[in-house]
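K.L.:
Sequence and predicted structure, then a few things I'm wondering about:
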Number of protein chains: 2
Amino acid sequence: MLSEFLLTELGRLSPPTSLPLHRQLYEALRRAILDGKLAPDERLPSSRDLVQDLQMSRNTVVAALNQLTVEGYLVSRVGSGTFVSTKVPLRTPPSPRRTSQPPADRLSDRGQALSTRFCASELEIQPFTPGIADFSAFPVALWQRLQNKHWRMTYPEMLDYSSSGGYAPLRRAVADYLRVFRSVPLDVEQVIITSGTQESLELCAQLLADHGDTVWLEDPAYWGAGKAFMATGLKLHPVPVDDQGIAPQPHDQATPPKLIYVTPSHQYPTGAVMSLARRHQLLSLANQHRAWVLEDDYDSEFRFSGPPIASLAGLDTQGRVLYLGSFSKVLYPGLKLGYMVVPKGLADAFKRAHYDLNRPGQMPVQAALAEFIDMGHFAAALRRARQSYAQRRQSLLTALQPCLGPHAQITGAEQGLHLCLRLSDEVDDRALAQRIGQLGLTVRPLSAYCIQRQDVRGLIIGYGYAPLAEIKRFGAVLAQTLQQVLAPRSNGL
Amino acid sequence: MLSEFLLTELGRLSPPTSLPLHRQLYEALRRAILDGKLAPDERLPSSRDLVQDLQMSRNTVVAALNQLTVEGYLVSRVGSGTFVSTKVPLRTPPSPRRTSQPPADRLSDRGQALSTRFCASELEIQPFTPGIADFSAFPVALWQRLQNKHWRMTYPEMLDYSSSGGYAPLRRAVADYLRVFRSVPLDVEQVIITSGTQESLELCAQLLADHGDTVWLEDPAYWGAGKAFMATGLKLHPVPVDDQGIAPQPHDQATPPKLIYVTPSHQYPTGAVMSLARRHQLLSLANQHRAWVLEDDYDSEFRFSGPPIASLAGLDTQGRVLYLGSFSKVLYPGLKLGYMVVPKGLADAFKRAHYDLNRPGQMPVQAALAEFIDMGHFAAALRRARQSYAQRRQSLLTALQPCLGPHAQITGAEQGLHLCLRLSDEVDDRALAQRIGQLGLTVRPLSAYCIQRQDVRGLIIGYGYAPLAEIKRFGAVLAQTLQQVLAPRSNGL
């Protein structure tokens, strides 16, 4: 019986894994296919049957099946169900020749570091509850209609690379948005459409810094930026973050930066909002060192309480701030469109290097997005998303209430799609996150985001993908576990 | 009168420019808008009137208008014509503060190099005749239908980033294609979908080499690869190319490579096809130096005569070759999808680093492409493109016949979308290309692609974008100019 095999497999996995349930089921099913328990072309039980047999939620089952379909283990045939692919990816053992190769033939030192440090698989914030990405609010039909419209009226330039920094109406729409909502003073020429923040960061590092130059970045930090700076050969100088954001100390001046990378709207991952005083201090430091500031304004769209704070770019009078943003949160991650605002005097050089190095394209999608924004759909999607995230946030805050106290405090909940639960220094947050993982919930230990400092402990809890209906229940599980850990004596553990 | 202003502007531009005619018209129109000759919201003459007044081809006029629309200077309103945008990009003068900034605040040395060396604007091969990109053979309606289908059946994973190297059916389709047509032995796990060859190259350099490591590359070379290696901090060691491809000399051994980058199917830009003997020599050198070979198999799809030659990856018995390809030529450049085949033992590390550094996505497009290939449309598009390029190639060869001789020989015409006209060493090919540019034709001087060597002269003539109907006429102009330059005495110049 398939279900029995799966349950055994799941049982076998359960203790040492911190994988969410749908990943566990995915693993068990994949094993069943590779081990031949499920033969090529064999029909799977319906998802309804699997839900019943395995006592899992429909979401969990569907997520596992979808992932296996994306990866080619399963094929779904309309009207007749889901089948094991007849072309299951071959798992041939590595040839002995390759395993006996000396280290010189393997990854370079840089490659070794890039494939093991600051890894998304360990640090990316998403699931909190067992669940899957939820993009159901995204208006797929409308998006399709806009894309079709621009494909219908396409002309040769739209299929080619784009040398002028992106599709002009999209750049104008971005400029308008940033002027009004983020108080960024800019000309549309300064806006460059990129494939997202990673590309923007890499380009800034390549064009503004040389190999071996120093970048100041927050500690704890956004892993993706750390990775981009490593890839471009910069020396990482971590500067501690407090509840007002990055807090440079006198001794940091001894390592003058060429670049300063910050997430002022919602520090990643602590959630601190950079205070106005700190913003001015940072800009003055940047001037003093003739350094460039990279303002990653991620999550600025999702502010739930308090007045919005002007961007660093809006406060900058010296043209030292480069402003970075992306569409991946309000629309969807795989869209691969982001933007940056660069100083006027450097815009042409940036566009030229971007065109040559990255060969930007996707013009029909850029055109659809421009119209999506111009017609007000972006603002509407943002409103919907903000509302939905605010509800999830509120539900999570309520659920966590019982465990809060002097040893567990929430930071960074005014904004963004995750919150940070700060814990006392003596808590082993990695072990705690693992323990919580065994309950089927995915949270991240705050200390894992630290580059150098040893003094912060906590949990990063993402609610962006967590279905509202489940937050209360699983939030309670989380709170209970935390209470057990934080007050071991008082409740006899 | 607008036409008079434009003609004056074009007259003013004409002598010193080597821009194709549609770019000249674009410049003149842009100036008319920025200078206020054309007011915001003013209606332009119809393209038919412009054709008549300016005595230019319809293609030229339409190309200029389209480019201005893409860049936001014009807006087209269905049924009522083309108007000057009311939101013409603002050209504010750079503030004095920025122009007086000391050099330390400008681009880094690396940035300076990246925005000025190996530039597409000077080296990209495309127009030969005044014309524009021609993607009319691409089946837009079918492509739209496939995209719509996959958008309709989309599920959350399709909108997210892709962590497994790309959409499985697309990876399988690529693997099948490469096994059959390029004799590459591979497992589907080794295939990684990237955003194109630039991303593939950068990733290979980042993961397989360290800053300061040496890369051997062909001289003359593909500019885009040079740029990617510069960006990743490699030392460029140029190795001369002869008519059998890259030709390492004994003294090159003194600078051992970590990477060897080659374009064996159709050396860029000379067009030499790497001989089998040279392929074996190169692989043995790679083994000896424990170096990785990056095989950029660009233009392998467009072979017009002679038997296909197995890829380097197909000859490699030591797992040292990484194979790179792209869909930009057979489909369209702005698609932003390419692929690479990496050694089995490194596939997981590559996928991880690729996911973290580049956040690959575009899954609905990947799904549409997979089906496009599986249903045979890719093969059909390739057949059509091959036929159409073969005709253009033949027409160009015929037109150039009169000027060929001991001082002017064609190389690299068996394959690809451009050919190389080798000229005697004493010809100043840069001046010649500029002179031809003044006739409204765009060709590139071969010497501009050289990294170190001084001994090659020629013209790179692209026919990929040249309309078949115009090749004969403009080819004759080209041949005539060449005859004048090559035989200055015999015809009294």
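P.N.:
Noted; the coordinates are in hand.
K.L.:
residues in the stretch 251-400 of chain A within reach of chain B, list them.
P.N.:
The stretch 251-400 of chain A has residues A:258, A:290, A:318-320, A:332-336, A:343-346, A:349-350, A:352-353, A:355-364 near chain B, with proximity defined as CB under 8 Å from any CB of the partner chain. For glycine as for every other residue, the C-beta is placed from the backbone atoms N, C-alpha and C.
K.L.:
need the contact list for the closest residue to chain B within the stretch 201-350 of chain A.
P.N.:
Of all residues in the stretch 201-350 of chain A, A:G334 sits closest to chain B, at 3.0 Å by CB to the nearest CB. The neighbourhood of A:G334, defined by CB atoms under 8 Å, 6 or more residues apart in numbering or on different chains, consists of B:M158, B:L159, B:D160, B:Y161, B:S162, B:G361, B:Q362, B:M363, B:P364.
K.L.:
hang on, it in a helix?
P.N.:
Yes. Looking at A:G334 with DSSP: H, G, I helix; E, B strand; the rest coil, it is inside a helix.
K.L.:
could you pull out the strands for the stretch 151-300 of chain A?
P.N.:
For the stretch 151-300 of chain A, the strands defined by DSSP state E, counting those that start in this stretch cover A:191-194, A:214-219, A:235-242, A:245-246, A:259-262, A:292-296.
K.L.:
any residues touching the fifth one, and which ones?
P.N.:
What it means is strand A:259-262. A:201, A:204-205, A:208-209, A:213-218, A:221, A:225, A:229, A:234, A:245-246, A:274, A:282, A:285-286, A:291-296, A:312.
K.L.:
before we move on, back to that, in helices, which of the residues of the stretch 251-400 of chain A next to chain B fall?
P.N.:
Under the assignment DSSP state H, these contribute A:A349, A:F350, A:R352, A:A353, A:Y355, A:D356, A:L357, A:N358, A:M363, A:P364 to helices.
K.L.:
In contact with the residue of the stretch 351-493 of chain A at minimum distance from chain B, which residues are there?
P.N.:
For the stretch 351-493 of chain A and chain B, the shortest gap (CB to the nearest CB) falls at A:G361, measuring 3.0 Å. A:G361 is in contact with A:D160, A:Y161, A:S162, B:P333, B:G334, B:L335, B:K336, counting by CB under 8 Å, 6+ apart.
K.L.:
how about 6 Å then?
P.N.:
A:G361 sits next to A:Y161, B:G334, B:K336 when contact means CB atoms under 6 Å, 6 or more residues apart in numbering or on different chains.
K.L.:
From those, pick the one nearest B:P238.
P.N.:
Taking CB to CB as the measure, B:P238 lies nearest A:Y161 of those, at 26.2 Å.
K.L.:
Touching, that closest one and A:R359? I think so.
P.N.:
Yes. Counting by CB atoms under 6 Å, A:Y161 touches A:R359, with 5.1 Å between them.
K.L.:
Now do the shared contacts for these two.
P.N.:
Counting by CB under 6 Å, 6+ apart, A:Y161 and A:R359 have no contacts in common.
K.L.:
Shouldn't A:Y323 be within a helix?
P.N.:
No. A:Y323 is assigned strand when assessed by three-state DSSP, not a helix.
K.L.:
Report the beta-bridge partners for it.
P.N.:
A:E295, A:V341 (DSSP bridges).
K.L.:
Residue in the stretch 1-150 of chain A with the shortest distance to chain B?
P.N.:
Taking CB to the nearest CB, the stretch 1-150 of chain A has A:G72 as its residue nearest chain B, at 2.9 Å.
K.L.:
pLDDT score assigned to that residue?
P.N.:
On the pLDDT scale, A:G72 is placed at 76.
K.L.:
What strand or helix carries it?
P.N.:
Per DSSP states H and E, A:G72 falls between elements, in no helix or strand.
K.L.:
Chain neighbours aside, what residue packs nearest to it?
P.N.:
B:A168 (2.9 Å; CB to CB, 6 or more residues apart in numbering or on different chains).
K.L.:
With A:S195 instead?
P.N.:
A:S195 sits nearest to A:K336 (CB to CB, 6+ apart), 4.7 Å away.
K.L.:
And A:T270, by the same measure?
P.N.:
Counting by CB to CB, 6+ apart, the residue nearest A:T270 is A:C420, at 5.0 Å.
K.L.:
for A:V427, same thing?
P.N.:
Spatial nearest neighbour of A:V427, chain neighbours left out: A:R457 (4.9 Å); criterion: CB to CB, 6+ apart.
K.L.:
Would you mind listing the residues in contact with the one you found?
P.N.:
A:L423, A:D425, A:V427, A:D429, A:S447.
K.L.:
do the same with A:Q391
P.N.:
Here A:Q391 is in contact with A:L468 (CB under 6 Å, 6+ apart).
K.L.:
Quick check: it vs A:A272, distance?
P.N.:
23 Å (CB to CB, to the nearest Å).
K.L.:
And A:E122, by the same measure?
P.N.:
Distance, A:E122 to A:A272, using CB to CB: 22 Å.
K.L.:
which stretches of the stretch 351-493 of chain A form helices?
P.N.:
Under the criterion DSSP state H, counting those that start in this stretch, the stretch 351-493 of chain A carries helices at the ranges A:363-374, A:377-400, A:429-437, A:468-486.
K.L.:
Mind giving me the packing neighbours of the last one?
P.N.:
When contacts are defined as 3 or more CB pairs under 6 Å, 6 or more residues apart in numbering or on different chains; DSSP states H and E, helix A:468-486 sits against helix A:377-400.
K.L.:
now the helix it packs on and helix A:363-374, what's the angle there?
P.N.:
Relative orientation of helix A:377-400 versus helix A:363-374 (axes from the mean of the first three to the mean of the last three CA atoms, to 10 degrees): 70 degrees.
K.L.:
tell me the angle of helix A:377-400 relative to helix A:468-486?
P.N.:
With the same axes, to 10 degrees applied, the angle from helix A:377-400 to helix A:468-486 works out at 40 degrees.
K.L.:
Alpha carbons of helix A:377-400, as PDB, please.
P.N.:
What follows is helix A:377-400, C-alpha atoms only, in PDB (Å, rounded to 0.1, in the frame of the first residue of the first chain):
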ATOM      1  CA  HIS A 377      -3.900  47.600 -10.500                       C
ATOM      2  CA  PHE A 378      -0.600  47.700  -8.800                       C
ATOM      3  CA  ALA A 379      -2.000  50.100  -6.100                       C
ATOM      4  CA  ALA A 380      -5.000  47.800  -5.700                       C
ATOM      5  CA  ALA A 381      -2.800  44.700  -5.500                       C
ATOM      6  CA  LEU A 382      -0.700  46.400  -2.900                       C
ATOM      7  CA  ARG A 383      -3.800  47.400  -0.900                       C
ATOM      8  CA  ARG A 384      -5.100  43.900  -1.000                       C
ATOM      9  CA  ALA A 385      -1.700  42.400   0.000                       C
ATOM     10  CA  ARG A 386      -1.200  44.900   2.800                       C
ATOM     11  CA  GLN A 387      -4.700  44.100   4.200                       C
ATOM     12  CA  SER A 388      -4.100  40.400   4.000                       C
ATOM     13  CA  TYR A 389      -0.700  40.600   5.600                       C
ATOM     14  CA  ALA A 390      -2.000  42.900   8.300                       C
ATOM     15  CA  GLN A 391      -4.500  40.300   9.200                       C
ATOM     16  CA  ARG A 392      -1.900  37.500   9.300                       C
ATOM     17  CA  ARG A 393       0.400  39.700  11.400                       C
ATOM     18  CA  GLN A 394      -2.400  40.500  13.800                       C
ATOM     19  CA  SER A 395      -3.300  36.800  14.200                       C
ATOM     20  CA  LEU A 396       0.300  35.800  14.800                       C
ATOM     21  CA  LEU A 397       0.800  38.600  17.300                       C
ATOM     22  CA  THR A 398      -2.300  37.500  19.200                       C
ATOM     23  CA  ALA A 399      -1.200  33.900  19.200                       C
ATOM     24  CA  LEU A 400       2.300  34.800  20.500                       C
END
